[in-house]
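1. I'd like to go over a predicted model; first the sequence, then the structure.
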Amino acid sequence: METLAPFKEVIDEVKEKGGEAVKFCYQCGKCDTVCPWNRVRKFSMRKLVREATFGLSEIEKEEIWRCTTCGKCPQKCPRDVKQIDDMVALRRMATGYGVYPGSVKSYRTISTALASQGNPFNEDRKTRAAWAEGLNVKTFKEGMEILYFPCCYCSYDPRLKKVAQTTVNLLNKAKVDFGILGEKENCCGESIRKTGNEELFKKLAKENIKTFIDNGVKKILVSSPHCYHTFKNEYPMFNVNFEVIHVSQYVHELIKQGRLKISGEFKEEKVAYHDPCYLGRHNGIYDEPRETLKSIAGLELVELPEAREESLCCGMGGGRVWAETEKHERFSNIRIEQAIDAGAKVLATACPYCITALEDSRLVLNHADDITVKDITEILQEVT
Ligand code: SF4
Ligand code: SF4
């Protein structure tokens, strides 16, 4: 077995980079039992933790990059081994050496794009607000009710621009006083941090924080659970605390307050809801999306076999949104089959990464005519 370097130095480096908890592992293997990778191929978090404990990690191999940080095994681990932190610690080591094997080679160019243009697509920063043209969206100014921060995918990806557009349509219908910051925004940095690029995360976060403070931002509305997670749980490391709300929570509030009125009936009867890992398991938001869907006339909400805390990861977290995953190894394939088996005609969710994965699986599996994938805002758009 090829190893990074003999033992003690590596053990110390794992510890220094945040993976100290590996030493608590007693090799029970529960992590492997719940990990979605073992539904599509052989993968052992237990083994990776063991190797890290003895300084035998192989950073040049694919394995340390697989974990999607879905949060399932940390939830079940009897020894609080913090598997996500351990993998990020190993990735920080690999990033430090500039080692990116096969399926994650793209992380190098993604990092360059994020550093120069503030988005992973290397799209011109100046066009970041092009999705909003013709939609009567103002530039955020101090004193406005809320900043809408749509994320890189909703700003640039053709499928996900529609989510940003339906979101602002709903905000306009509810007469919310909101604005965007367009080219002043950077990627939130959540995913690149999980690939181990801590320096780049800090750069992106600090620039965003400066922009928010300079523009008097107090409350931020986000479409992506990844932005939600990092603004709420990671940016406080820079001594800031912005109020953050995910769009699935916000539209629920607007409906309860009577600001957003449901007037129509939903045409497709059965809708299944897929819990995104970073909304559900990582942040405990399970009820608002369901309550919103249930409040729509004509819509029957069906639960998937793995729901809420047990939700099946789409496969895109932890930076995997930019990694190459073999077609037959995509977790989202299993999710699409589950939704079809549950009789759903629509698979609803609330995350740009999940939508990307599920849309892809729908096509890969030839289910384009059997089921559609929609953001909650897209469903609301049809009935408000
Ligand atoms: S569940 Fe925790 S204690 Fe058990 S093998 Fe995995 S990391 Fe180790
Ligand atoms: S966090 Fe999720 S993807 Fe990562 S090893 Fe644990 S169960 Fe597997």
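-> Received, thanks. Ligands and ions are numbered 1, 2, ... in the order given.
2. what number of residues lie near I371?
-> Counted with other Cβ atoms under 10 Å, the burial measure for I371 works out to 21 neighbours. The way it works is simple: take the backbone N, C-alpha and C, and place the C-beta from them, glycine included.
3. buried residues in stretch 51-67?
-> For stretch 51-67, burial by neighbour count (16 or more other Cβ atoms under 10 Å) applies to 51-53, 55-59, 61, 63-67.
4. mind listing what's buried in the lowest-mean-pLDDT helix or strand in the chain?
-> Scoring the helices and strands of the chain by mean pLDDT, DSSP states H and E places helix 8-14 at the bottom, with a mean of 81. In terms of neighbour count (16+ other Cβ under 10 Å), helix 8-14 has its buried residues at 10-11, 13-14.
5. What of stretch 129-137?
-> Residues of stretch 129-137 classed as buried by neighbour count (16+ other Cβ under 10 Å): 129, 131-132, 137.
6. Of all pairs in these, which one is the farthest apart?
-> Between all members of those, the longest pairwise span (Cβ to Cβ) is found for W131 and V137 and amounts to 9.1 Å.
7. before we move on, the earlier item: with pLDDT added, can I get the buried residues of stretch 51-67 in JSON lines?
-> JSON lines is the format used below for the buried residues of stretch 51-67 (pLDDT from 0 to 100):
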{"residue": "E51", "pLDDT": "93"}
{"residue": "A52", "pLDDT": "92"}
{"residue": "T53", "pLDDT": "92"}
{"residue": "G55", "pLDDT": "89"}
{"residue": "L56", "pLDDT": "89"}
{"residue": "S57", "pLDDT": "89"}
{"residue": "E58", "pLDDT": "90"}
{"residue": "I59", "pLDDT": "89"}
{"residue": "K61", "pLDDT": "90"}
{"residue": "E63", "pLDDT": "96"}
{"residue": "I64", "pLDDT": "96"}
{"residue": "W65", "pLDDT": "97"}
{"residue": "R66", "pLDDT": "97"}
{"residue": "C67", "pLDDT": "98"}
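8. And the furthest pair within these?
-> Largest separation among the buried residues of stretch 51-67 by Cβ to Cβ: G55 and R66, giving 20.3 Å.
9. sorry, back to before: cross the buried residues of stretch 51-67 against helices and list the overlap.
-> If you go by DSSP state H, those have 51-53 in helices.
10. how about the residue nearest the centre of the chain, what does it touch?
-> Centroid-nearest residue in the chain: H226, 3.9 Å away (criterion: Cα atoms, centre = their mean). H226 makes contact with 151, 188, 190-191, 278, 317, 351, 353 under the criterion Cβ atoms under 8 Å, 6 or more residues apart in numbering.
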